[in-house]
Each structure stands twice: as structure tokens, then as C-alpha cells.
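Trainee: just a sequence and a predicted model for now, questions to come.
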Amino acid sequence: MKFTVAIDGPAAAGKGTISRAVAEEFGFAYLDSGLLYRATGVKALEDGRGVIDPANAEGLAANLLQTDLDRNDLRTALAGQAASKVAAMPEVRAALLEFQQNYARRDGGAVLDGRDIGTVICPEAEVKIYVTASNEIRAERRYKELVQAKPDLTVTQVLNDIRVRDDRDAARDVSPMRAADDALLLDTSKLSIGEAVLQAITAVRSCLK
Ligand code: DC
């Protein structure tokens, strides 16, 4: 059975939590597509000693290994910005396209989260959900995730980081972050995790019938 759940939306809206819960509920595979860009971005920064060379980034994206995705430094703000930068490069997106498309249509069902899953990677996805939340709520949530590892962090810094990344992700020419016309909009600003997850699961269940 092929069944794709495409979950898109801006940074820190809750896509990952919702996607993992949906995958677990229905026994689907789960791909966090942001990790592909984060791993590419971090390696490109390392190779260029802080400056990303697009030609190098393309090669890195095309040759990512599982060990690159398992690195424990992919969740930092630095990795997020590097990811957003390489994600604006058409060659990098092209290098990552086929892997994601095959993943989306694998047997047994798949959940993918990202920015362009419902619009570019898998426009034929059976379920598309676009997860959002207000800038302030997203910054607050991300701050709580990051502050332990970085005690001098402030919510304002996180808010700025999210804004810069969202603006770049939405404004780029190639596969910009955007809700598919047929996506269900899920604003999690006033929802608990449980409520948001339940709404997503209910949407998937109704399409599975
Ligand atoms: O989902 P995330 O925050 O881990 O993503 C990191 C960056 O990667 C994000 O700012 C934009 C980019 N990205 C993308 O362009 N397309 C995707 N499908 C997933 C992520």
C-alpha cells in the first residue's frame, strides 16, 4: 500500500511531534526532511570553514550517509540557518529530490515533514497538513528545547532566528515554503500537543477509509 502524509510548515510549529505521532499511530515510516538539509548545511560549513560553497554543497547533498543524519549537532540554531541557506540552492534541492520522492511512495505508508512535501516532493500525497503557530509561540517552544544546552539563550534571539529562516524559506525561488492548495491548515497556537496530534490523526484516519 502506498499512502503519503505530507506535513509542511514553518520552523518550530510542531511538525516533528505531530509527524512522529501520526507515523506511530498508523505504523508508517517517518522522514524528517529538514535533517537532510541540516546535515548538508553543517558539512558545507565545515568544509568551507564557515563559508558555504554551493558547488560543494550539491556534492555533499548527493552523497549523504546515515551517519551524517545521526550527528548530534544538527538541532542547533547554527545548523538550522546553514540548512535554510543550502535549501535555497536549486542544485542541493535537486540532489535530494529523488530520495524523498522514493521515500514518500515506499510500500507501507510514509509521513514526511518539511516545507515543500505537499507542493513539490509529493503533490499526490493522500493527506497534506500545513502546521502553523504564531511567531511568539513557536519561539517560546523552540527556546525551551534549546536553552538547556545554551543557558545564555534568550527568547528574542530564537524569535529572530525563526523569522530570518522563515523569510528565507518562503522567499526563495525554488520550492518555497508554502501550503498546498488542498492542505488542511492546522494552527497549533492554542492547542496542546495532544489536541494537535489528535486533529492530525483524525484527518489521516478519514482519508484511509
Ligand atoms: O524542519 P527544519 O527546521 O529542521 O528545517 C531546517 C531548514 O531546512 C529549514 O529552515 C528549511 C530547510 N528545509 C527545506 O527547505 N525543505 C524541507 N523539505 C525541509 C527543510
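Mentor: Thanks, I have the structure now. Computed from a predicted structure; not experimentally measured.
Trainee: quick one: name the residues of the protein near the ligand.
Mentor: 11, 33-34, 37-38, 80, 83-84, 87, 114-117, 165, 169 (CB under 6 Å from any ligand atom). From N, CA and C alone the C-beta is placed, and that goes for glycine too.
Trainee: by neighbour count, which of the residues you listed wins?
Mentor: residue 117 (31 neighbours; other CB atoms under 10 Å).
Trainee: do I have it right that that residue meets residue 101?
Mentor: No. Counting by CB atoms under 8 Å, residue 117 stays clear of residue 101, with 10.0 Å between them.
Trainee: what sits in contact with each of the two?
Mentor: Among the neighbours of residue 117, none is also in contact with residue 101 (CB atoms under 8 Å, 6 or more residues apart in numbering).
Trainee: got the contact list for the spatially most central residue of the chain?
Mentor: Most central in the chain under CA atoms, centre = their mean is residue 114, positioned 3.0 Å from the mean C-alpha point. By CB under 8 Å, 6+ apart, the residues touching residue 114 are 7, 8, 15, 32, 33, 34, 100, 121.
Trainee: can you redo the residues you listed as JSON lines with pLDDT, distance to residue 174 and secondary structure?
Mentor: Below are the contacts of residue 114 laid out as JSON lines (pLDDT from 0 to 100; distance: CB to CB, whole Å; DSSP: H, G, I helix; E, B strand; the rest coil):
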{"residue": "7", "pLDDT": "98", "distance to residue 174": "20", "secondary structure": "strand"}
{"residue": "8", "pLDDT": "98", "distance to residue 174": "15", "secondary structure": "strand"}
{"residue": "15", "pLDDT": "97", "distance to residue 174": "20", "secondary structure": "helix"}
{"residue": "32", "pLDDT": "98", "distance to residue 174": "20", "secondary structure": "strand"}
{"residue": "33", "pLDDT": "98", "distance to residue 174": "15", "secondary structure": "helix"}
{"residue": "34", "pLDDT": "98", "distance to residue 174": "16", "secondary structure": "helix"}
{"residue": "100", "pLDDT": "98", "distance to residue 174": "14", "secondary structure": "helix"}
{"residue": "121", "pLDDT": "98", "distance to residue 174": "13", "secondary structure": "helix"}
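Trainee: tell me the one of these nearest residue 183?
Mentor: For those, the minimum distance to residue 183 (CB to CB) is 7.1 Å, reached by residue 8.
Trainee: re the thing from before, who does the residue nearest to the centre of the chain form a beta bridge with?
Mentor: Counting by DSSP bridges, residue 114 is bridged to residue 8.
Trainee: now it: how far from residue 137?
Mentor: For residue 114, the distance to residue 137 equals 20 Å [CB to CB, to the nearest Å].
Trainee: kindly report the same for residue 110.
Mentor: 28 Å.
Trainee: over to residue 169?
Mentor: To residue 137, residue 169 is 18 Å away according to CB to CB.
Trainee: any chance of the backbone angles for residue 92?
Mentor: phi -70, psi -40 (degrees, to the nearest 10).
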